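>>> Using only what follows, build the 3D model:
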Amino acid sequence: MRLLAETSPWLTWTLSPLVLAGAVVAVVFFFQGFHRLRRRGRADLAPWSRAALFLSGVAITVFALVGPLDTIAEEYLQTAHMLQHVLIADLGVALTLVAVRGPLAVFFLPRGLLVPLAHTRWARRALALLLRPWVGYVLWVGALVAWHIPPAYEAALVHPVVHTLEHLSFVVAGLLVWTQIVDPTGHRRLSVGERAGYVALLFWTGQILAYVIAFATEPLYDAYVDQPERLLGLSPLTDQKLSAVVMMVEQALTLGVAFVILYRIASTQRSGPAAEPAG
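A predicted model of the protein is given here:
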């Protein structure tokens, strides 16, 4: 449902009960775990900075899905659509996972929900499969590539259910790969060096798709070509090339920062043992 649809698209918000309900549930889960840790005297494991990070991640995701960006992405500009996707698949999930790393990740689910899930064999097996690094990578690449194939892209713009599935797939794929990068529960499925390599692999995979879009000689998606109102005066081809630049820059910032942090940690770990005898 569009709100203020009769005005400028820059002021149009989307009423999405599913998105809003999901955000409320996520925030409630976070703060019940946050409160439980602080009540046990472990405010050091649940500082308010973590709450700010989590709320920022949720806010970015919600804004991308229900704010004016959603209307502009769906009806006017491919650049806005690309920005929407990278916000929900990268920045939003990255901030929330960084916020819950450590004991907060264990306390995130209420005990009444966590215990039954832990004792459900199929749930444990499904989660173990999804959290394998290669599975996350394949699903991430699959979502990234599949939804940029013109028929699938156009279908998502036309059919609300398909559009919802598209967004859900980006969020889930983003959660899976960023779980490997952040390792919030400390399972160490990958070493720090391997996590840095994983980040590099994700970055270059995304850049390949961005270059394909950037160097296309004609618009790939008819929906934007047929739009008579050109926001910001962008032609369909210029809009398409700019969308690729958005993807390149966003991934350079999010994945680039993750790579630098992990590389520095890996370098410190390698040099640490050698430096100890000299001390």
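>>> going forward, measure contacts and count neighbours with C-alpha atoms only.
Fine.
>>> Show me the shaky parts of the stretch 151-279 of the chain.
272-279 (pLDDT under 70).
>>> which residues of the stretch 1-150 of the chain fall in strands?
2-3, 13-14 (DSSP state E, counting those that start in this stretch).
>>> Compare those strands and say which comes out lowest on pLDDT.
Lowest mean pLDDT within these: strand 2-3, at a mean of 59.
>>> how about Leu37, what does it touch?
Going by CA atoms under 8 Å, 6 or more residues apart in numbering, Leu37 touches 43, 45-46, 104, 107.
>>> any idea how far Val100 is from it?
As judged by CA to CA, to the nearest Å, Leu37 and Val100 stand 12 Å apart.
>>> Count the neighbours of Leu83 for me.
21 (other CA atoms under 10 Å).
>>> Quick check: it touching Val246?
Yes. Leu83 is in contact with Val246 according to CA atoms under 8 Å; the separation is 6.4 Å.
>>> how about the helices of the protein, start to end?
Under the criterion DSSP state H, the chain carries helices at the ranges 17-39, 48-66, 68-75, 78-86, 92-100, 103-107, 111-118, 121-130, 133-146, 150-158, 160-182, 192-214, 222-225, 236-278.
>>> so which of those helices is the most packed in?
Neighbour counts (mean count of other CA atoms under 10 Å) averaged over each of the helices of the chain peak at helix 92-100, with a mean of 24.
>>> Just give me how far that helix sits from the chain centre.
Taking CA atoms, centre = their mean, to the nearest Å, one finds helix 92-100 lying 9 Å from the centre of the chain it belongs to.
>>> can you list contacts of it?
For helix 92-100, using CA under 8 Å, 6+ apart, the contacting residues are 30, 50-51, 53-61, 108, 171, 174-175, 178-179, 182, 184.
>>> if I look at Gln207, how far off is Asp239?
Distance from Gln207 to Asp239, by CA to CA: 17 Å.
>>> do the same with Pro133
34 Å.
>>> center of the protein - which residue?
Centroid check for the chain by CA atoms, centre = their mean gives Ala89 as the closest residue, at 2.3 Å.
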